[in-house]
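A.B. asks: Below is the sequence, then the predicted model.
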Amino acid sequence: MRHRLLRAAASVVGLLALAGVTGTLVDVALLALDAPVRVAGPVSAAVAVTVVLPVADAYTPLGRDVRTDALRRAGRARLALEVLLAAGAAFVAGGALAAAGLRLNAIFGTFVVVVLGGVAVGYGSFVLRNREFYADA
């Protein structure tokens, strides 16, 4: 039991590190392209969460089962491509929502809407492309 708890804790730390690095890289890239902070922040958060969720499904003991073990066995290259596609979808959806928020001059709630919308589209696209692994979930 103690070993499983340590593995789970290490997994959480690893996922937090992955999210931090991913979010920072996307944020820095967007800011370098002169994107407003109101766009860069939530879009980078959406991409970071979207990257972490499939990795957590495949490689951590948190919520893992027979279906997600099969996802892991599909191969790292395939999973990496799937994660990149999901991140791209989150980036585009989050960017579109953030741009709409800027046009509407909406401040309140825009961050949450962009993050939730980006994650829903990004991770949702991952699950849809891999529905054979999630079909019984």
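C.D. replies: It's in. None of these values were measured; they are calculated from a predicted model. Numbers count the residues shown, from 1 in each chain.

A.B. asks: among the helices and strands of this structure, which has the poorest mean pLDDT?
C.D. replies: helix 66-73 (a mean of 79; mean pLDDT, DSSP states H and E).

A.B. asks: Which elements pack onto that one?
C.D. replies: For helix 66-73, the elements it packs on are helix 37-59, helix 131-134, judged by 3 or more C-beta pairs under 8 Å, 6 or more residues apart in numbering; DSSP states H and E. Just so you know, the C-beta spots here come from the backbone N, C-alpha and C atoms, and that holds for glycine as well.

A.B. asks: now the longest helix seen in the chain: mean pLDDT?
C.D. replies: When the chain is scanned for its longest helix (criterion: DSSP state H), the result is helix 2-32. Mean pLDDT, helix 2-32: 92.

A.B. asks: count of neighbours near G23?
C.D. replies: 21 (other C-beta atoms under 10 Å).

A.B. asks: whoops, I mixed them up, L84
C.D. replies: When neighbours are counted by other C-beta under 10 Å, L84 comes out with 11.

A.B. asks: just checking, next helix/strand downstream of the helix or strand where it lies?
C.D. replies: L84 belongs to helix 76-103 when assigned by DSSP states H and E. Per DSSP H and E, helix 76-103 leads on to helix 110-129 as the next helix or strand towards the C-terminus.

A.B. asks: in that next one, what counts as buried?
C.D. replies: Residues of helix 110-129 classed as buried: 110-111, 113-123, 125-127 (neighbour count, 16 or more other C-beta atoms under 10 Å).
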